[in-house]
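# next input, structure requested:
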Amino acid sequence: MLPNNLNLSPIHAFRAEVVAGITQCEKGNDLDFTVDRAEGMEGYMLQLTTFGKGFMFDGSDRLPLQRGQLLLFSPKAAHHYYRQPEYQFWHYKWVYFSPPSRWLKWLNWSNTVRGIGRIQLGDNQYFQEISQLFTKLETELKSSHPLKQTMAASLLEYLLMKCVSVEQIEIAPPLDSRIVKVCDLILANPAAKHNVQYFADKVYLSESRLSHLFKQALGVGLVQWRDMQRIAEAKKLLYFSDMSVNKIAKSLGYEDALYFSKVFKKYQGVSPARFRNTQQRENG
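Residues are numbered from 1 along each chain as shown. Purely as a prediction, here's the structure:
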């Protein structure tokens, strides 16, 4: 895992399904810089202030950050935050992730402005429970266990449920059931070569309307989201099987292995073969 200052650097690209860290920003140290991603990120970021004070700017308003402030940055939401200059410290924990569709109901926080959800933890017990989950996530991801991403995803799922329960939402603002159905259809068979019109017909929408609603709800286009699910499956096959890259490509709906490699590199930063070799080397 990269040092936190590189993980949160505006030039660093996140490739893993789940990435977590603990950032201790102190006046004058290497982590004392403004994170500024005007175009946001491809996935979600959950952040908890644990000590000191910072500021978050959402493109219109500035929000003071103090102990217990939870933020949920949606895809493409602006990331702009930094230590309050008059305070010596600002420490926070964070996790970056790309969620499966079943998590979406826990990502629609009632207090969300300009794509950034906000929850203030006033109860010390809740703060301790949620803070510990962040720490467990970071510890798990630092381990050498070959299934650390899967273990981290389970912890993250529980963390998101805990956040929603703390907000005391009896029924979370619902995600459009038609978008959920499309996600379920894709996940049921990510290799299927259906076009957007096929999914639009299944939910009784026009192709353009479905494309608009899908991107509005998830922050990425339907085809891009399907590619993300295929790449997640490809990573498992590259790690756990001896299938050739060509066979993996075809099993996931890519007839052209070169195109599959191009898509894989777009999301992972390395080719499928390089990914497999690196994983095997790191895990002996």
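
# ok, and the closest non-adjacent residue to the most centrally placed residue in the chain?
The chain has Phe97 as the residue nearest its centroid, 2.0 Å off, counting by CA atoms, centre = their mean. Excluding the flanking residues, the one nearest Phe97 by CB to CB, 6 or more residues apart in numbering is Val18, at 4.7 Å. Every residue, glycine included, has its C-beta placed from N, CA and C.

# list the residues that contact Phe51.
67, 89-91 (CB atoms under 8 Å, 6 or more residues apart in numbering).

# which ones among the residues you listed are found in strands?
Among the contacts of Phe51, the ones falling in strands (DSSP state E) are 89-91.

# could you list the low-confidence segments of the stretch 1-150 of the chain?
For the stretch 1-150 of the chain, residues meeting the criterion pLDDT under 70 lie at 1-16.

# helices of that one, residue ranges please.
Assigned by DSSP state H, counting those that start in this stretch, the helices in the stretch 1-150 of the chain fall at 4-7, 124-142, 148-166.

# ok, which of those helices comes nearest Trp106?
Closest to Trp106 of the helices of the stretch 1-150 of the chain is helix 148-166 (CB to CB; 4.3 Å).

# next one: the closest one to chain centre, how far?
Counting by CA atoms, centre = their mean, to the nearest Å, helix 148-166 is centred 12 Å from the centre of its parent chain.

# could you do stretch 144-156 as well?
Distance, stretch centre to chain centre, for stretch 144-156: 14 Å (CA atoms, centre = their mean).

# again, but for stretch 175-185
Centroid separation for stretch 175-185 versus its chain: 19 Å, with CA atoms, centre = their mean.

# do stretch 177-191 as well
Remark: stretch 177-191 is offset 19 Å from the chain centroid, using CA atoms, centre = their mean.

# only alpha carbons, please: show that stretch as PDB.
Taking C-alpha atoms only, stretch 177-191 is exported to PDB below (Å, rounded to 0.1, in the frame of the first residue of the first chain):
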ATOM      1  CA  SER A 177     -35.900   0.600  -9.000                       C
ATOM      2  CA  ARG A 178     -35.300   0.500 -12.700                       C
ATOM      3  CA  ILE A 179     -31.600   1.300 -12.200                       C
ATOM      4  CA  VAL A 180     -31.400  -1.400  -9.600                       C
ATOM      5  CA  LYS A 181     -33.000  -3.900 -12.000                       C
ATOM      6  CA  VAL A 182     -30.500  -3.000 -14.800                       C
ATOM      7  CA  CYS A 183     -27.600  -3.400 -12.300                       C
ATOM      8  CA  ASP A 184     -29.000  -6.800 -11.300                       C
ATOM      9  CA  LEU A 185     -29.300  -7.900 -14.900                       C
ATOM     10  CA  ILE A 186     -25.700  -7.000 -15.600                       C
ATOM     11  CA  LEU A 187     -24.400  -8.700 -12.400                       C
ATOM     12  CA  ALA A 188     -26.400 -11.800 -13.200                       C
ATOM     13  CA  ASN A 189     -24.400 -12.200 -16.500                       C
ATOM     14  CA  PRO A 190     -21.700  -9.600 -16.900                       C
ATOM     15  CA  ALA A 191     -20.400 -11.400 -20.100                       C
END
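
# list the buried ones in it?
Using 16 or more other CB atoms under 10 Å as the test for burial, stretch 177-191 gives 178-180, 182-183, 185-186, 190.
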